[in-house]
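Q: Coordinates for the following, if possible.
(chains A and B, ligands or ions: 2)
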Number of protein chains: 2
Amino acid sequence: MARLPGLGPRSARRAVLHLVRRRGQLLGPLAEAMAEVARTARECVSCGNIATDDLCPICADPKRATGLLCVVEDVGDLWAMERTGAFTGRYHVLGGTLSALDDVGPEDLGLPRLEARIGAEAVTEVILALNATVDGLTTAHYVADLLEGRVQVTSLAQGVPVGGELDYLDDGTIGAALKARRRL
Amino acid sequence: MARLPGLGPRSARRAVLHLVRRRGQLLGPLAEAMAEVARTARECVSCGNIATDDLCPICADPKRATGLLCVVEDVGDLWAMERTGAFTGRYHVLGGTLSALDDVGPEDLGLPRLEARIGAEAVTEVILALNATVDGLTTAHYVADLLEGRVQVTSLAQGVPVGGELDYLDDGTIGAALKARRRL
Ligand SMILES: [Zn+2]
Ligand SMILES: [Zn+2]
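A: Ligands and ions are numbered 1, 2, ... in the order given. This is a model prediction of the structure:
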């Protein structure tokens, strides 16, 4: 349990204890659910999201065929976007970022598949929702160059986060927010 | 010492101990410097920055008469902007935000003085660099309405901070970054 991301050894011990104490109600059903996921979970053949069918519920939903395609690094980022409720299109999960060091190339990230989807799904805009890290930005520039002239490519705005106070932000963020300032 | 912002009781004790131990080298000169500041420090009559003359060094510098005026809540925010080295114009320090609850009105924030500066200093753009908090946003909208049609008013971009990972950002920030997405 301690190997789960986000659970320290102490929280893991408490979770195990809780499960063992209530093993009748919790442990049996949890084990069954995990076995079920292990048996049925796979990657959506279209976007890379977790699915129980060939297509994930998002790709299978005709209402989400809006022509907008949001590129994310991993399934956790897809969930983060979904939580906002602000995005109504479909996703493309890269499964990582380009990395010469770790020998991750364009094919590993399913970029040929992304290119194929643009025509097949009448995509009008590709939104790059990659992390604002060095690897994320490098990958964003690669994808933007790859798709240039074929489809409109946009990127999440960089700037001050909601609730952000200038005094607590790093210089790079303030500089980016100043550069990308907008008319009121 | 424990009353200084940012110093907890424990750090304050350690600071005091350090000062007392090295009182010869540190405490005397520090006390002198503090007395000097207490005697000479005042508010810049133009922008509200801390100054030792009527005008602070920024207002007194003719190279900073760029027609850009950056509105900040307090002197700490001015310093945060200065640290980036990305802003070359002048400032206007409000000294707070509008607040009906605390009875802070436009005059308390020096808004008539801000209006006067726009003509007097040939200001072409007012950049609102207020905190992305409820009070900051309310104040930003008030100032934007006040100056509408008289000068271009812009605001720091909201979005993903530098180094930000989607999974760790709140929904509001991701939503704002999506809405303000820009072409690559
Ligand atoms: Zn899918
Ligand atoms: Zn000044």
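
Q: from here on, contacts and neighbour counts on C-alpha atoms
A: Noted.

Q: can you give me the strands for chain A?
A: Ranges of strands in chain A, per DSSP state E, are A:42-43, A:50-51, A:68-72, A:90-93, A:125-128, A:152-155, A:182-183.

Q: out of the ones you listed, nearest to ligand 2?
A: Proximity to ligand 2 (Cα to the ion) singles out strand A:182-183 among these, at 24.8 Å.

Q: Run the chain-centre distance for that closest one.
A: A distance of 29 Å separates the centroid of the chain from that of strand A:182-183, by Cα atoms, centre = their mean, to the nearest Å.

Q: how about that strand, does it reach chain B?
A: Yes: Strand A:182-183 reaches chain B (Cα under 8 Å from any Cα of the partner chain) through A:182-183.

Q: Enumerate the positions of stretch A:145-153 that are buried.
A: Neighbour-count burial for stretch A:145-153, counted by 16 or more other Cα atoms under 10 Å in any protein chain shown, picks out A:147, A:151-153.

Q: now do stretch A:21-35
A: residue A:27.

Q: Ok, stretch A:100-114 next?
A: A:109-111, A:114.

Q: ends of stretch A:16-31, how far apart?
A: With Cα to Cα, to the nearest Å as the measure, stretch A:16-31 spans 13 Å from end to end.

Q: what sits up against that stretch?
A: residue A:1 (Cα atoms under 8 Å, 6 or more residues apart in numbering or on different chains).

Q: From the chain's centroid, how far away is that stretch?
A: How far stretch A:16-31 lies from its chain's middle: 31 Å, per Cα atoms, centre = their mean.

Q: One more: stretch A:81-88?
A: Counting by Cα atoms, centre = their mean, stretch A:81-88 comes out at 11 Å from the chain centroid.

Q: what about it and chain B, any contact?
A: Yes: Stretch A:81-88 comes into contact with chain B (Cα under 8 Å from any Cα), by way of A:81, A:83-84, A:86-87.

Q: From those residues, list just the buried residues.
A: The neighbour count (16+ other Cα under 10 Å) marks A:81, A:84, A:87 as buried among the residues of stretch A:81-88 next to chain B.

Q: if I look at the second one, how far off is ligand 2?
A: Between residue A:84 and ligand 2 the distance is 41 Å, computed by Cα to the ion, to the nearest Å.

Q: just to revisit the earlier point, just to be sure, which of the buried ones among the residues of stretch A:81-88 next to chain B are found in helices?
A: A:81, A:84 (DSSP state H).

Q: how about the buried ones among the residues of stretch A:81-88 next to chain B in TSV, adding pLDDT?
A: Output for those, formatted as TSV (pLDDT from 0 to 100):
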residue	pLDDT
A:81	93
A:84	91
A:87	94
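
Q: just the buried ones among the residues of stretch A:81-88 next to chain B that are near ligand 1?
A: With Cα under 5 Å from the ion as the criterion, these include none near ligand 1.

Q: interface residues of chain A facing ligand 1?
A: Residues of chain A lying near ligand 1 (Cα under 5 Å from the ion): A:44, A:47, A:56, A:59.

Q: make it 8 Å
A: Within chain A, the positions lying close to ligand 1 (Cα under 8 Å from the ion) are A:43-51, A:55-60, A:90-92.

Q: Report how many residues lie close to residue A:55.
A: 19 (other Cα atoms under 10 Å in any protein chain shown).

Q: My guess is it contacts residue A:45. True?
A: Yes: Residue A:55 is within contact range of residue A:45, at 6.1 Å (criterion: Cα atoms under 8 Å).

Q: how close does the residue sitting nearest the centre point of chain A sit to chain B?
A: For chain A, residue A:77 is the residue whose C-alpha lies nearest the centre (Cα atoms, centre = their mean; 2.7 Å). For residue A:77, the distance to chain B equals 6 Å [Cα to the nearest Cα, to the nearest Å].
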